[in-house]
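Peer 1: Got a predicted structure here, sequence first:
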Amino acid sequence: MKKTYKIRIILVFIALTMQFSCSNFLELVPPSGLIRSDFWKTKEDVQSVLMGAYSSFAGMNGDLFTYGEARGDMVTAPSNWQWSDQYKLMQSNITTTNSLCDWSKFYKVINYCNEVIKNAPEVKKIDGTFNDFQLKGIMAEAYFLRGLSYFYLVRIFKDVPFLTEPSVNDGVNFYPTQTKGEDILTAILKDLNGCRETASDPSLKSVAEAKGRATKASIDALIADISLWNFDYASCITACDRIISNSTYQMVPYSQWFTIFYPGNSLEGIFEFQFMDPDQKNGLFGMTNQNAYQYIPSQLAADLFGFDNGSVEKTRGERSSIAMLSKDNYIIWKYVGFAPDGKSVRPTSIQNSANWIVYRLTDIYLMKAEALSQLNRYAEAGAILDMVRLRAQVDPLAIADSPTAFEDAILNERRLEFAFEGKRWFDLLRMGRRNNYANKAKFIETIITAIPSTQKRILSAKLTNTLGWYLPISKSETERNLNLVQNPYYTF
Amino acid sequence: MKNIKKIIILILVLCSFVGAYSQTKTTIRGKVIDQKDKSPIVGATVVESNKENRVVNGTITDIDGNFVYQMKNPANTMKVSVIGYQAKPFKPNLLKQVVIELTSSDLQVEQITVVGKQKSFNNLTNIDARDNATSTTKIDLMEMRNEGISSAADALQGKVAGLDIVSMSGDPGSGSSIVIRGLSSMGNAKPLIVIDGIPQDNVRSDFDLASATTEDIGNLISVALQDIKSIEVLKDAASTSLYGSKGGAGVLLIETNRGKMGKVQFDYTFKNTINMQPKAIPMLNGDEYVTLQLDEWHNARGVYDLPNEIAYNKDFNDFYNYSANTDWLGAITQTGITNDHYFRVSGGGEKTRYSTSINYVDEGGTTRNTENKSLFSRINLDYFLSKKLMFSVNFAYSNIQTKGNYEINQNNKVRQMAYQKAPNMSIMQYDNKGNLTGDYFTRNYDNINNYQGDGLNYYNPVAVVDLGKNDKNENKLETSFTLKYNILDWLVFRETADFQYTGRKENKYLPYNAIGQSWTNWTVNLAGEGNIIASSFKTESQLAFNIPFKNKDHVLSGAATWKTDQYQDENIYIESNEIPSTTITDPAIASHINWISSGSSENRSVTGLLNMNYKFKDRYGITVNAIEEGNSAFGASNRWGNFAGLAGFWRFSSEPFLNNCANWLSESKIKASWGLAGTAPGDPYKRFGLFVTSSPSYYITNPGAVPSNIQLDNLKWQSTTSTDLGLELNMFKDRFYIEGTLYRKLASDILFGTPWSGYSIPNSSGFTELGYFNGGEMKNIGWELMSSLKVVRTKDLLVQVDFNISQNVNTYTKLPQNYNTEKAVDLSSGDYPQRIQEGTPIGSFYGLHYRGVYASDADAVATDAAGNKLYDGNHNVIPMTFNGIPFKGGDARYEDINHDGKIDINDVDYIGNSNPKMMGGFGTTFRYKQFDFNFQFVYRVGYDIINMTAKNTQGMNGRNNQSKAVLSRWRVQGQNEPGLLPRAFMDSQINNLASDRYVEKGSFLRLNSVKFGYNLSPVLCQKFGIQNANIAVSARKLLTITKYSGQDPEVGQDASDPFWIGADKANTPPPRTVTLSLSVSF
């Protein structure tokens, strides 16, 4: 009797001890998601993180619109949106708690790109099916997206942390200091020039892929844009010429001008973030359509495009850029319209499928014209301007041979051509910064048009401090990272 | 009576595992009497045992001490036993009645508790309680129950030094903080609860031990209060380290009743409790509110187009709806009644002991439509298979059904809403002619907000209480088996396996008419259903020894233990809206599912423990513990943590040279301990860097993946070292007991982060947080003193006084690198600026100094230190400004410390500290014959509180209702009275900035409980044929003595926030309860 008990007990003890002493007992892996040690094994892993970067960048559609338009003179908010952070930006009533001062979405994309840039070469060593051509193509796309993110950040915040390593584990330094905007752009240009040769050729892919993913032309467009921002006109012209000489991209005739926006991916599209309802939604339909709008055309936009207000813009005017709902009641039409008639709204199934156009050929032409005119090559610049206006069915202009006259003309042309495409504010900034802020007064005058008359004088005085042209770093970020230096304009 | 006997016999038969032997039966008769006075003994157990000493059957004596019994086998032995007497075997005589005389066991209660060799039920060590050298305090509820304890909180609060139990607010379900000896860990300051040696996993997060009634403590641990035998608080790392990572914040050991040898006993207790919501802060009525609103608008905007809701405009459609004088709080408050029934059967023989109980509680809340019904049952069974082998089974089941109010907004529950809601609004809707429509007034349709805002943030609390639903149903099951085998006289093997299962279901529903939105809006006709299932499996194998030395001077005992713990849970939540009817509340029926979420988690740990105790001459003792724990929450390199404990005592009272002091000095000792304990992160998966599907999941037609969190390669154990030095003195024949302890606790590599939110890092990393982060060091230094004095101790009268006091100081000695030590430095938000400093106690307040009100516009000018007005270059006075806005008459006057004419962050100064200088409790027990009376006070002194409630109800800068205090506010130029509040001003914080206006002294003395009881005398009991009966009336939180003007000076500490400051946000003090209880045993 006793012996059996003893034996049983010993058996139970041994069984329990054995069961739990295996080393695997404590190795528990989460039930969902892939852990890092199992990732970065195949080229599909690399490809999917790159796609995650595109998808996240595209997810910023509404913000990209806001950063490019809100502080400009082309949009305003209807009265029921005047509590919003976007409206506060429009009013230049900016505090560090404004949600648009949070740069985390850009840095998410940057981190994804850094992951790809760091890990793709490692994966190639393991995955035999991953060839050099594919690797370089993917690397070029990652450099492009990272470069575009930093270009936005520098234009919005001026000096920001410049991170080129991914946040892989808790050993990374999370408390970077800022790098001067100029230095970031220099580094970015170096990346872009280094990878442009090996970037993909658009003709190999579907139209959506050719326009929606970074190609050689996308990289050249970004180089041109950054060079122009840096007032390095020669480099800008070189980059523009490389695109213009590529016959893949053609300016569409005026009769097809609206196809740039609907259905999109037109012949002149170079890089457009792609959206496909129902899963990949461009929020701009919801933000600009008739009932739920957050953004409406400003009085200035209504004057430029409204036929009742004397606009001569047949192609780019009312019914294409804006639509009139009733007298003096307009909405933005580029992301809502199905046709250039100001009436047909995109069908429900594809309402949120409008692309966000980052670069198109006309943009390249006008960049080149701007660069040429600044180098006093007026005839060439004038020819481009005439070509763009001809395409839009408006008369050529007689412009005096001076950089300022051309600057004004091109700025105005860009406002008409790229209305509501997230370019206006950055165009104004470029103008205001040119020749060591020579145009400061003109810049201030432009941006205070949308501000209530009572505040105009105070704001124009305040904005003579050019640091106020940039956004502050969000409060939560400066609280988390003591190494950051807040834009002094906002430290009162 | 006869029926009862039948039942008793039936149960006895059932419980004694009667063997089905067919034997010749023999009837014996007998009588059991007291040896001394020859009186009959009622209810003595008479049992028959076979050769193996197994009980085969038995009976009990009747009221005259007689019994008649049919023996299964005349060769078996017979025995009589009863509580209070020594058991006695007897020879059965078939021929005549046997008279058995029992000798009284005559044990003094005091002797048992002090000298009795009670083994600590801390199963992990093998040590006598009196030889314990660590810092623990044990409360015996069996003893206290006779003193009329009505809740576990009574047992603990104010009786255990160093244990701080504070209710967050009197609002039902608002929870409490339990802190043992200050904060040492981020987030997890909750002590581990161990029931009968088994750590409990699923402690409810909203548990409130401070205001805990019986029901609440039952909810926490799924044990009826009456089932609890004792609660022991382990305070130092030397003892808590035994419980591994979960015990880092202290351990509460709870022991439940087990069956005792003796006759079967029935206990029944009935309690009826009235829960009352104490008087609320007096709020403005509708008329006063409208006047205030007019003032606010006028001061902010001058002549202004007034909103219709406060303008007297009879043409306004909602005129009648905005002309009420509604007491919103009164409309949702009720007096709650609680009924509590407890029934227990217990007993046992030589072989089997059992205790089984059922407790049913039906509690009515103090807010309408809140209710809590709970059922607890527990069976504890011990079975002695042989002299060497014992088998125990514990089985517990509980079911808790809670009916609550729908929570539209976590931060704005119905009671808070009732405080804010405009009192000029009516509960029910009127049409424009003043007739009631029968609907609730919930102006939110057609995109029209009500006066205060939209219908979600400013809803009608009465409508939500009446129409919304938020029900929870929780089932918990626990089974544990223990096998104990005495291998040798000095070597015991024990194996325990425990299984716990919890299923929780919640159901909520909000119909459209509760907030008046269209039924297609996503916030209404909304049904949610969630299910959580958690289960755990634990094993414990132990080999314990107690080496028998020939020389009795040496005692060496110890244990080696191996524990495993597996926990897993999973949850799913589904929410739907656009449900086409207000009577269908099941989300699965709906046409439109808003979202479905699910999750799961699993955690495992293994622990090896070694414990060794050595005692020499019963005077010197030393205990050594070594612990190694492996936890799946860590990566392979940091997985194993090594912890240890070392403790020693010197029982100097037993030294021969003190022999002549024996008349005044009884058992006393000095003890010292040192321990190292560890804390593991709560979420076992956070250490992994995960790649998940991007959002949106595709780009063009290519799937996307992104890293979702940062891999934690540096995650490690948080370690806590504690050192204790203590003295225990028993004097004057145990009449006076005093214990003092000094301690120092140092937590290093503090784990920042909780399963819900991590450690914030700059967003430039591409992430917002690290799952966990180890960093910094925190120090707790303190002392505790507990004493007890039996003033009178005679047969009939006992007067006993208990007193305890403690102090704890909490300091960050090191902060993580890059840690931002300042928060909320933008004064215009109205928040108190916060800062922490290495080396200074946390909980300091910073703010402006408030100096009353500017009587007129002319007074609001800048002055120099001497009080002379300052002038600018044009000889104009410089106005005082805040953010460029000049102050005017009636505005708050803040001290301009640097005399620059601007109120800004440079004028912020130290204005108080929320760490109490001392806290504790005291109480008295009187017992005279059958009556007993006791009361218990708790106190805290020397600390400041920010009266946030006053800030919220006296700010006069928004549309929320305000307290009656604002009736004395500044209104006209020149008005200058003492105590005048600043003027009302819409949408501006300028008169409500963070200042010492709201800082008050918090010291208080609270009558925590008072109880009066009567025990039925033994003579009467005998007459009614029962063992004992008592009746008691008790009350809780009847009285608080304090200078604090707010609702409740008891403000909890929050360990999850290093910036914590003591701010009282409670709208309601803890509820008062009065309980009538009746209990009877037979």
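Peer 2: Thanks, I have the structure now. Numbers count the residues shown, from 1 in each chain, chains lettered A, B, ... in the order given.
Peer 1: now the strands for the stretch 751-900 of chain B?
Peer 2: B:751-752, B:759-760, B:769-770, B:773-774, B:777-793, B:797-814, B:822-823, B:834-835, B:844-847, B:850-853, B:881-882, B:885-886, B:892-894 (DSSP state E, counting those that start in this stretch).
Peer 1: Over to the stretch 451-600 of chain B?
Peer 2: Counting by DSSP E, counting those that start in this stretch, the strands of the stretch 451-600 of chain B are B:469-488, B:491-510, B:526-547, B:554-577, B:592-616.
Peer 1: Let me have those in CSV, adding mean neighbour count as columns.
Peer 2: For every residue, glycine as well, the C-beta is placed using N, CA and C. Below are those laid out as CSV (neighbours: other CB atoms under 10 Å in any protein chain shown):
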stretch, mean neighbour count
strand B:469-488, 18
strand B:491-510, 19
strand B:526-547, 19
strand B:554-577, 18
strand B:592-616, 17
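Peer 1: Out of these, which gets nearest to chain A?
Peer 2: strand B:554-577 (4.3 Å; CB to the nearest CB).
Peer 1: Packing partners of that closest one?
Peer 2: The contact analysis (3 or more CB pairs under 8 Å, 6 or more residues apart in numbering or on different chains; DSSP states H and E) places strand B:554-577 against helix A:2-21, strand B:526-547, strand B:592-616.
Peer 1: Okay, and whichever residue of chain A sits closest to chain B sits in which element?
Peer 2: Using CB to the nearest CB, the single residue of chain A nearest to chain B is residue A:111, 2.7 Å away. Here residue A:111, judged by DSSP states H and E, is contained in helix A:104-126.
Peer 1: How far away from the center of its chain is that helix?
Peer 2: 19 Å (CA atoms, centre = their mean, to the nearest Å).
Peer 1: If we go by neighbour counts, what in the helix or strand just after that helix is buried?
Peer 2: Sequence order places helix A:132-157 as the next helix or strand after helix A:104-126, per DSSP H and E. Using 16 or more other CB atoms under 10 Å in any protein chain shown as the burial criterion, the residues of helix A:132-157 that qualify are A:134-157.
Peer 1: okay, the angle between helix A:132-157 and helix A:104-126?
Peer 2: 160 degrees (axes from the mean of the first three to the mean of the last three CA atoms, to 10 degrees).
Peer 1: what angle sits between the next helix or strand after helix A:132-157 and helix A:104-126?
Peer 2: Proceeding N to C from helix A:132-157, the next assigned helix or strand is helix A:181-195, under DSSP H and E. Angle of helix A:181-195 versus helix A:104-126, following the same axes, to 10 degrees, is 30 degrees.
Peer 1: now helix A:181-195, how far from the chain's geometric center?
Peer 2: Relative to its parent chain, helix A:181-195 has a centroid offset of 17 Å by CA atoms, centre = their mean.
Peer 1: Over to stretch B:739-750?
Peer 2: The answer for stretch B:739-750 is 22 Å, by CA atoms, centre = their mean.
Peer 1: For the residue most central in space within chain A, which non-adjacent residue is closest in space?
Peer 2: Geometric centre of chain A, nearest residue: residue A:64, 5.1 Å, by CA atoms, centre = their mean. Among residues not flanking residue A:64 along the chain, residue A:422 sits closest, at 5.1 Å (CB to CB, 6 or more residues apart in numbering or on different chains).
Peer 1: measure the one you found to residue A:410 for me?
Peer 2: As judged by CB to CB, to the nearest Å, residue A:422 and residue A:410 stand 18 Å apart.
Peer 1: So for these two, which residue has more residues nearby?
Peer 2: Per other CB atoms under 10 Å in any protein chain shown, whichever of residue A:422 and residue A:410 has more neighbours is residue A:410, with 25 against 22.
Peer 1: wait, what's in contact with whichever residue of the stretch 101-250 of chain B sits closest to chain A?
Peer 2: The nearest approach of the stretch 101-250 of chain B to chain A comes at residue B:245, 12.8 Å away (CB to the nearest CB). With contact taken as CB atoms under 8 Å, 6 or more residues apart in numbering or on different chains, residue B:245 is in contact with B:605, B:629, B:631, B:641, B:678-680, B:717.
Peer 1: Local confidence estimate at the nearest residue to it once chain neighbours are set aside?
Peer 2: Take residue B:245 and drop its neighbours on the chain: the residue closest to it by CB to CB, 6+ apart is residue B:680, 3.8 Å away. Looking at residue B:680, its pLDDT stands at 84.
Peer 1: Also the one 5 residues further on?
Peer 2: Among the per-residue scores, residue B:685 shows a pLDDT of 86.
Peer 1: wait, it sits on residue A:30?
Peer 2: Yes. Between residue B:685 and residue A:30 a contact is recorded at 4.2 Å, counting by CB atoms under 8 Å.
Peer 1: Looking at these two, which has the bigger crowd around it?
Peer 2: residue B:685 (24 against 17).
Peer 1: List the residues that contact the more buried one.
Peer 2: Contacts of residue B:685 were listed using CB under 8 Å, 6+ apart, and they are A:28, A:30, B:601.
Peer 1: Let me know the secondary structure of the first one.
Peer 2: Residue A:28 carries the three-state label coil when classified by DSSP: H, G, I helix; E, B strand; the rest coil.
Peer 1: and it, how many neighbours?
Peer 2: 18.
Peer 1: for the one 4 residues further on, same thing?
Peer 2: Neighbour count of residue A:32, defined by other CB under 10 Å: 11.
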